[in-house]
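S.K.: Turn this into a structure:
(chains A and B)
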Amino acid sequence: MKLPYLPNHDDSSFFDFLAKHHPGLTLSGAGATGRPAALDQARAGGPMAVPHATTVLAIKYRDGVVIAGDRRATEGFQIADRRIEKVFKIDQWSAMAIAGAAGPCIEMAKLFQTELEHYEKLEGMPLSCEGKANKLGQMVKANLPMVFHGLVVMPLYVGYDVKRAEGRIFKYDITGGRYEESDYHAIGSGGKDARNTMREHFQKNLSEPDALKLALTSLYNAADDDVGTGGPDLVRGIYPTAKFVTGQGIADVPDEKIRSVYDAMIAARRSRET
Amino acid sequence: MPMPYYVSPEQMMQDKAEYAKKGIAKGRSIIAMEYADGILLTADNPSASLHKVSEIYDSIAFAGAGKYSEFENLRKAGIRHADLKGFMYSREDVTGRSLANGYSQSLGTIFSQEIKPLEVEILVVQVGVNGHPNEIYRISFDGSIIDEKNFAVIGGKADAVQAVLKEKSSGQAPALESALRLCISALEQTANLILPPEGLEVAVLDRNRAGRKFRRLPVDDIHRLLSA
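M.R.: Model prediction:
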């Protein structure tokens, strides 16, 4: 049935709907002719100066997954933003964190949120955890043309699988390849430093406070070794953000809780120096 | 060249309207009613999976009576319209009024241009937050749109249900329990049978919920509310 005045499409994907009817609004801007050419010109003048978001990580623990990220965005050797938010609630049972070019990253998170809600409303039931992870892979793949222009979007996806009653972590590569991690993972410029810390201290079935502490310590150590990652900013009171994704749904970790973990950690480290 | 038979436009519209009305009256009724915390949607629907009431956006819901395949298409188009608008602009820019207008345009065009009109009647309801009033739009098969207050009824013996509700309602927004009881008794009275909670589809737009305000009430909740 054709409905004049209202958009018409047959399947349940908002992403496909946009690509077909409003291509200028999608990640790669396919169909918005001229955009890639303009990007080529921009690239001829050196690497593109857009804000980049850096280290984010996720750790599995007893009740689910904790996902956390620092707050710094860099533009070359400059700080572009001190308070950028890299961990996004996607729906009641999942969250994603991003590394890469900040603009497209945030756009992908927003598009993914809409995609899942759209599917849920049209079909009358939410996608499975696996289905959500696969869909995100397709969106990363659709962004591949932009990667050649230097606009990399790298998500880290965590979801609580209600059927299996466990938290799950998925990482991606730029081609949309999707890989499940069994324990923990970190991506971004300081990802390797964060992974080193997690490798040393990770245990199965950590308690919630221990998992949060490990996540925040890993971010701290990443900030220690990587210029792109921001540590806790004690003067301005800016701290990394974290979310718990559990069987009860998704919950923000309050700032005070994160602050108290850092206060204790910094006090312990200071005592080592004297 | 063969000449088509002449039918006066008046006659044609009348025939189409009659056809559509007949189709809609075959179904069962759906009531949207304002209650203290939002809007209650009650449908006489024995199926647990084929929904007549559905969520469109944060504070907007949809109800359709008549031919399932036709209002299901309208529902999906509405969700696309709302999600697209919310994605392009902002979540607060999605309004029930613009959606109701879109439906009205679509139904009106189809009614006048296609041979077969849509046999549907739909409701677009939006719960008002931060002191804004609720909005209830009833849109008919010919695209005519009516802004209702307190309650609205579509499908089946809508006029009879409306008369019962008019008689019983006090004009004040009732609590959820009494609103639900009132809706069920109006449906039972006109259908002339007892409706068990299993045969009802009930949902609310609750303005006290954060974010998405739409919630379906499962059978247990209906039992609990009715026994309260």
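
S.K.: alpha carbons only for contacts and neighbour counts from here, please
M.R.: Will do.

S.K.: Show the model's pLDDT score for the residue nearest to residue A:69 when sequence neighbours are not counted.
M.R.: Distances taken as Cα to Cα, 6 or more residues apart in numbering or on different chains place residue A:56 nearest to residue A:69, at 4.1 Å, with adjacent residues excluded. Model confidence at residue A:56, given as pLDDT, is 96.

S.K.: What's opposite residue A:56 in the beta bridge?
M.R.: residue A:69, residue A:187 (DSSP bridges).

S.K.: how many neighbours does it have?
M.R.: 34 (other Cα atoms under 10 Å in any protein chain shown).

S.K.: Please give me every residue in contact with it.
M.R.: Neighbouring residues of residue A:56 by Cα atoms under 8 Å, 6 or more residues apart in numbering or on different chains: A:67-70, A:86-87, A:97-99, A:156, A:186-188, A:191, A:219.

S.K.: change it to 10 Å
M.R.: Counting by Cα atoms under 10 Å, 6 or more residues apart in numbering or on different chains, residue A:56 touches A:67-71, A:86-87, A:96-99, A:155-156, A:185-191, A:194, A:215, A:218-219, A:222, A:229, A:240-242.

S.K.: Residue B:17 now?
M.R.: Residues near residue B:17 by Cα under 10 Å, 6+ apart: B:11, B:23, B:111, B:116, B:117, B:118, B:119, B:141, B:142.

S.K.: For chain B, just list every one of the strands.
M.R.: B:30-35, B:38-44, B:53-57, B:60-66, B:120-126, B:135-139, B:145-148, B:151-154, B:200-206, B:214-217 (DSSP state E).

S.K.: in its sheet, what does the second one sit against?
M.R.: Put plainly, it is strand B:38-44. Sheet pairing of strand B:38-44 (DSSP bridges) gives strand B:30-35 (antiparallel), strand B:200-206 (antiparallel).

S.K.: mind checking which of the ones you listed is nearest residue B:136?
M.R.: Smallest distance to residue B:136 across the strands paired with strand B:38-44 (Cα to Cα): 7.9 Å, for strand B:30-35.

S.K.: Could you give the number of residues near whatever residue of chain B ends up closest to chain A?
M.R.: Of all residues in chain B, residue B:106 sits closest to chain A, at 5.4 Å by Cα to the nearest Cα. Residue B:106: 20 surrounding residues under other Cα under 10 Å.

S.K.: Am I right that it is in contact with residue B:114?
M.R.: No. Judged on Cα atoms under 10 Å, residue B:106 makes no contact with residue B:114 at a distance of 11.3 Å.

S.K.: Sort out for me which of the contacts of residue A:56 are in helices.
M.R.: A:191, A:194, A:215, A:218, A:219, A:222 (DSSP state H).

S.K.: Show me which of those residues is closest to residue B:173.
M.R.: Distance to residue B:173 across the ones in helices among the contacts of residue A:56 (Cα to Cα) is lowest for residue A:215, with 49.8 Å.

S.K.: Give me the contact status of the longest helix belonging to chain A with chain B.
M.R.: Using DSSP H to define each element, chain A has its longest helix at helix A:102-123. Yes. Residues of helix A:102-123 are located near chain B by Cα under 10 Å from any Cα of the partner chain, namely A:107, A:110-111, A:113-115, A:117-123.

S.K.: Tell me the buried residues within those.
M.R.: Buried members of the residues of helix A:102-123 next to chain B, counted by 16 or more other Cα atoms under 10 Å in any protein chain shown: A:107, A:111, A:113, A:114, A:115, A:117, A:118, A:119, A:120, A:121, A:122.

S.K.: Pipe these into a markdown table and attach pLDDT and distance to residue B:228 per row.
M.R.: Output for those, formatted as a markdown table (pLDDT from 0 to 100; distance: Cα to Cα, whole Å):
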| residue | pLDDT | distance to residue B:228 |
| --- | --- | --- |
| A:107 | 93 | 47 |
| A:111 | 95 | 43 |
| A:113 | 96 | 38 |
| A:114 | 96 | 38 |
| A:115 | 95 | 39 |
| A:117 | 96 | 34 |
| A:118 | 95 | 35 |
| A:119 | 94 | 36 |
| A:120 | 94 | 32 |
| A:121 | 95 | 31 |
| A:122 | 93 | 33 |
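
S.K.: Just give the number of residues close to residue A:206.
M.R.: Residues within reach of residue A:206, counting by other Cα under 10 Å, total 17.

S.K.: got it, and residue A:191?
M.R.: When counting by other Cα under 10 Å, one arrives at 22 neighbours for residue A:191.

S.K.: and the closest residue to it other than its chain neighbours, what is it in contact with?
M.R.: The spatially closest residue to residue A:191, leaving aside those adjacent along the chain, is residue A:55, at 5.6 Å (Cα to Cα, 6+ apart). Each residue near residue A:55 by Cα under 10 Å, 6+ apart is listed here: A:68-73, A:86, A:97-100, A:186-194, A:218-219, A:222-223, A:226, A:228-230.

S.K.: Residue ranges in chain B under the pLDDT threshold?
M.R.: The model of chain B has pLDDT under 70 over residues B:1.

S.K.: before we move on, what about chain A?
M.R.: A:1-10, A:29-49.

S.K.: Dead centre of it: give me the residue that sits there.
M.R.: residue A:97 (1.3 Å; Cα atoms, centre = their mean).

S.K.: quick one: that one and residue A:199, what's the gap?
M.R.: For residue A:97, the distance to residue A:199 equals 20 Å [Cα to Cα, to the nearest Å].
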